[in-house]
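Novice: structure of the sequence below:
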Amino acid sequence: MIPGDSTSNSFRAPQERARRHDLDALRAVFLLFGIPYHASLTVRPGPWIANFHDRSRDFIEIADYLHLFRMPGFYMIAGYFAAMLLHRRPVASYLPSRLHRLVPPFLAGTFLLVPAMHFLLLLETGHPDPVGRWWEIMTMIERNPFEHLWFVQVLLYYTAGLAALVWLFPALAHAELKGERRALVQWFVPITLATGLVLGLCDLGSLQLERYRYLSNFSVNFLSARYALDYLPWFLLGAVLQRVPALDRRFARFSWILFLTGLAASIMVVFYPRMVPFLCRPVLTGVAAICLTQAALGALAHFIHGERRWVKSLVSASFVIYLFHEPLIVLATPLLDQLPLPVWPKFILLCLTAFFGSYGIWKMIRLSPALRYLFNGERVKKRPAH
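Specialist: Prediction:
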């Protein structure tokens, strides 16, 4: 029995297997959560790239709630898969394969999609000097030129850093804490909560670095240093989790204690922030994020025990969907704003437009090997001639 945990035995951990379909699915879900997150930025108060005329403060909470755990969870899974790949491949194989996977979409998004998105929006909204204004936006010092693709930039940092670490210390490639590790499993809930506190303290540290100007505007806006510091502990957590099989299996079993704790903590941080002291918010956010991530993985692991066709399709399309969803949201906003509808129906239509539009783009991209490589980093293997 796990102290303080009434976990049902009906939630099973996935067996040891070559591919973790539950983690694949959860990573795709976290990427797809970018659609309602960015759509909510068009409707909440405050300027964004494109905005509806009518706004609602409800969307402040929606955006904050989604962002609270989707990126921490994404980077934890990224760290898990990075450790798994480095266990199977040498650094000389791992690093080029990851660069092929990440660099082409990153460059295509940065130099094609993002500039085109801004220019087309200026044309769509009838700006008197679209070229001049576009150049002004593209050369802003305080702007992150990578827009929604900063997460790939940070992932490239982590990929190169982990590869360098394994190259310097080769024993790390196969380091693993084997065995049942009954103490870790027995005290899983307290350990998870303590880990959430540590992650929150790390976030507080990076917040203080930016607050007291230890991070320059260039490092924050161009190098995405704040994001890199925020999510590095999560990436490392995922890597460690992959190397402790007993803890890995336990993490994939749903825990009501952690779910309810995460739900309560997230509600406090997002909906009642004034009741939480400023310096305690990042700490409580860390607890909420790890608890909700564990609950989401535990629930998915219960339902996904092998390869499912819809999961495979979702996973394959998720990167391209993320790549194109923000330009579609930005360009669809002025059109949908003309509809005589309340805010919520417009928001739902915007989300559906972004999802089905970007999924349709994926269906077209997958027909071309060159486009699959450019926008998805996917190298299509040539079939041997008979």
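Novice: what's the closest non-adjacent residue to Ala246?
Specialist: Arg181 (3.9 Å; C-beta to C-beta, 6 or more residues apart in numbering). Just so you know, the C-beta spots here come from the backbone N, C-alpha and C atoms, and that holds for glycine as well.
Novice: my bad, Ser206
Specialist: Nearest residue to Ser206 in three dimensions, chain neighbours excluded: Leu229, at 3.8 Å (C-beta to C-beta, 6+ apart).
Novice: so the one you found makes contact with Leu204?
Specialist: No: counting by C-beta atoms under 8 Å, Leu229 sits too far from Leu204 to count as a contact (11.0 Å).
Novice: who touches the strand or helix carrying the residue nearest to Ser206?
Specialist: Assigned by DSSP states H and E, Leu229 belongs to helix 225-242. Contacting residues not belonging to helix 225-242 are listed as 71-73, 75-84, 87, 150-151, 154, 157-158, 162, 195, 198-199, 202-203, 205-206, 209-210, 215, 219-220, 247-248, 251 [C-beta atoms under 8 Å, 6 or more residues apart in numbering].
Novice: cool, stretch 165-183 as well?
Specialist: In this structure, residues lying in contact with stretch 165-183 by C-beta under 8 Å, 6+ apart are 86-87, 90-91, 243-247.
Novice: hang on, the earlier thing: how about the backbone phi and psi for the residue nearest to Ala246?
Specialist: Dihedral angles of Arg181 (phi, psi; degrees, to the nearest 10) stand at phi 50, psi 60.
Novice: repeat that for Arg243.
Specialist: Phi and psi for Arg243, reported as degrees, to the nearest 10, are phi -90, psi 0.
Novice: contact partners for it?
Specialist: Contacts of Arg243 (C-beta under 8 Å, 6+ apart): 83, 87, 175-177.
Novice: what is the least confident helix or strand in the protein?
Specialist: Every helix and strand of the chain was ranked by mean pLDDT, DSSP states H and E. The lowest is helix 217-221, at a mean of 87.
Novice: setting aside sequence neighbours, what's the nearest residue to Ala28?
Specialist: Ser318 (3.8 Å).
Novice: check the one you found and give its pLDDT.
Specialist: For Ser318, the pLDDT comes out at 94.
Novice: next up, the contacts around it.
Specialist: With C-beta under 8 Å, 6+ apart, Ser318 has these contacts: 27-28, 31-32.
Novice: in terms of helices and strands, where is it?
Specialist: Taking DSSP H and E as the criterion, Ser318 maps to helix 309-336.
Novice: buried residues in that helix?
Specialist: 311, 314-334, 336 (16 or more other C-beta atoms under 10 Å).
Novice: how about Pro128, phi and psi?
Specialist: The phi/psi pair for Pro128 (degrees, to the nearest 10) is phi -70, psi -30.
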